[in-house]
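[1] pasting the structure only:
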Ligand SMILES: [Zn+2]
């Protein structure tokens, strides 16, 4: 099947709670939007999206004060005295070392993007190998009905239990044999819409041989009653309406993977948020929002979206986002080790080399300035040198000095008029000692 037919594929049996798309194996040659950009456009779009992830993470940190995201790419790793900047000449990218990394695929925009882009590559490789072995694939979406009254943990746990039970049933095993299903890769997702939390899973079914559309439709018709029964046993139901809503959001596997492998999509979130704030509408008026879109709305000041994001993280933490059915990895990626999320988030590029180190004091100023991506951009802009860093670090420390000792002193017990005088004296003094203007750093070179 060519990529064209894959794009033209339509969901089948849209009236049920289960939609199977016909697809082709991922085409590694297919140019994504990003690949059609010129190298300098590519760099600036990379810089913009990295900056957005750090910005989203600043808000996620505030929403999740107890979560390990609070130290992620923020605190120095245990026992370290400075922050290393490494550079990969092949990728043209700089990165940090010796910082804590949270490895949370649900909560952290920075880690999630690193994890999912590598996981998406693995799925692409697996599909290429499946293609070599003469197999085929189908993209199924499992969902259940839900209402505003349903609490997230009830739907989530019931949904996962239903999926788990389904795959152990004899009827399901018979379908596996009948249709040559060699396994599946499951991605767990949730969105928030006018009916509350919408938990769903995409199952990429892999077959020993490609199935024609009518065979896929047949499989779907046989699988649907099983899924409906499994969900029913958990007190969950499904409706026509939901089956219909899903087909709009997802196309082919390649299309899906390109979304999946990019972590937060700020452009979508920002669009929704802007429109949402402009119209002054509540989020109930919007369609389904992904957790990253909820977080983006929180960045823009939407308190309710922020609370929903925190609720989502609380209940999804510890659940696998991506799951390969037993034996599938060994079959398609026998050489590839199955790394943990934590390992993927902290992974280095093979040619990363240390360019320089940022002292802890300067790192504090960079954090206060909310400029965590600037040192990376400066190193990248000179092809991996430390050239611009000394001037930048001196500048950021002047612009964002740590609070002077007198500011940290407790003056509350003194009479207010004296406190005012003391503060003014210190402020005048600080002003005289201060650097006389911002240092201009040329980043164009
Ligand atoms: Zn993280």
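    Perfect, I can see it now. Keep in mind that this is a model prediction, so the values were computed, not measured.

[2] from here on, contacts and neighbour counts on C-alpha atoms
    Noted.

[3] separation between the residue in the stretch 301-445 of the chain that the ion sits nearest to and residue 175?
    Here the residue of the stretch 301-445 of the chain nearest the ion is residue 345; by CA to the ion that distance is 7.3 Å. Separation of residue 345 from residue 175 (CA to CA, to the nearest Å): 37 Å.

[4] circling back: list the contacts for the residue of the stretch 301-445 of the chain closest to the ion?
    For residue 345, the contact set (CA atoms under 8 Å, 6 or more residues apart in numbering) comprises 101, 102, 103, 111, 112, 114, 115.

[5] dump those residues into JSON lines; add distance to the ion and pLDDT as well.
    Formatted as JSON lines, the contacts of residue 345 follow (distance: CA to the ion, whole Å; pLDDT from 0 to 100):
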{"residue": "101", "distance to the ion": "5", "pLDDT": "97"}
{"residue": "102", "distance to the ion": "4", "pLDDT": "96"}
{"residue": "103", "distance to the ion": "5", "pLDDT": "95"}
{"residue": "111", "distance to the ion": "4", "pLDDT": "94"}
{"residue": "112", "distance to the ion": "7", "pLDDT": "91"}
{"residue": "114", "distance to the ion": "9", "pLDDT": "91"}
{"residue": "115", "distance to the ion": "10", "pLDDT": "90"}
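
[6] which ones among these are found in helices?
    If you go by DSSP state H, these have 111, 112, 114, 115 in helices.

[7] contact partners for the first one?
    Same thing as residue 111. 101, 102, 103, 104, 105, 345.

[8] residue 207 now?
    So residue 207 contacts 135, 136, 137, 138, 179, 180, 181, 182, 183 (CA under 8 Å, 6+ apart).

[9] what about 6 Å?
    Contact analysis of residue 207 by CA atoms under 6 Å, 6 or more residues apart in numbering lists 135, 136, 137, 180, 181, 182.

[10] on the pLDDT front, check the fifth one for me.
    Read that as residue 181. Here the pLDDT value assigned to residue 181 is 93.

[11] now residue 204: which helix or strand?
    Using DSSP states H and E, residue 204 falls within strand 196-207.

[12] name every strand pairing with that strand and say which way it goes.
    strand 136-143 (antiparallel), strand 181-193 (antiparallel) (DSSP bridges).

[13] which of the residues in stretch 196-216 are buried?
    By 16 or more other CA atoms under 10 Å, the buried positions in stretch 196-216 come out as 196-211, 213, 216.

[14] now swap in stretch 310-318 and tell me
    For stretch 310-318, by 16+ other CA under 10 Å, it's 310, 312, 313, 316.

[15] give me the number of residues near residue 131?
    For residue 131, the count of nearby residues is 19 (other CA atoms under 10 Å).

[16] can you check residue 137 too?
    With other CA under 10 Å as criterion, residue 137 counts 28.

[17] same check on the one 10 residues further on?
    Per other CA under 10 Å, the neighbour tally for residue 147 reads 13.

[18] model confidence at the nearest residue to it once chain neighbours are set aside, what's the number?
    Excluding the flanking residues, the one nearest residue 147 by CA to CA, 6 or more residues apart in numbering is residue 195, at 4.8 Å. What the model reports as pLDDT for residue 195 is 82.

[19] pLDDT weak spots in the protein?
    1-37, 239-287, 404-412, 430-445 (pLDDT under 70).

[20] the ion contacts on that one?
    72, 102, 103, 108, 111 (CA under 5 Å from the ion).

[21] give me the phi and psi for the first one.
    What it means is residue 72. With angles defined as degrees, to the nearest 10, residue 72 sits at phi -70, psi 120.

[22] residue 79 now?
    Torsion angles at residue 79 (phi, psi; degrees, to the nearest 10) stand at phi 80, psi 0.

[23] how many residues are close by it?
    7.

[24] picking up where we left off before, report all helices and strands that the helix or strand following the strand holding residue 204 contacts.
    Next along the chain after strand 196-207, taking DSSP H and E as the criterion, comes helix 213-233. Other elements packing on helix 213-233 under the criterion 3 or more CA pairs under 6 Å, 6 or more residues apart in numbering; DSSP states H and E are helix 152-168.

[25] who's in contact with the helix it packs on?
    In contact with helix 152-168 (CA under 6 Å, 6+ apart) are residues 230, 231, 234.

[26] so what's the last one closest to, chain neighbours aside?
    Right, residue 234. residue 158 (5.2 Å).

[27] and that neighbour, how far from residue 130?
    Relative to residue 130, and taking CA to CA, residue 158 is found at 32 Å.

[28] ranges for the strands of this structure?
    For the chain, the strands defined by DSSP state E occupy 18-22, 82-88, 93-97, 136-143, 181-193, 196-207, 322-324, 353-359.

[29] so how far is the longest one off the chain centroid?
    It stands for strand 181-193. Centroid displacement of strand 181-193 relative to its chain, using CA atoms, centre = their mean, to the nearest Å, is 15 Å.

[30] buried set for that strand?
    So, applying 16+ other CA under 10 Å, buried residues of strand 181-193: 181-193.

[31] wait, doesn't residue 325 sit right on residue 184?
    Yes. Contact criterion CA atoms under 6 Å: residue 325 and residue 184 qualify, at 5.4 Å.

[32] how many neighbouring residues does the closest residue to residue 231 other than its chain neighbours have?
    Excluding the flanking residues, the one nearest residue 231 by CA to CA, 6+ apart is residue 162, at 5.1 Å. By other CA under 10 Å, the residues close to residue 162 number 22.

[33] go on, the one 3 residues further on?
    For residue 165, the tally of surrounding residues (other CA under 10 Å) stands at 15.

[34] kindly report the same for residue 155.
    The number of residues near residue 155, taken as other CA under 10 Å, comes to 23.
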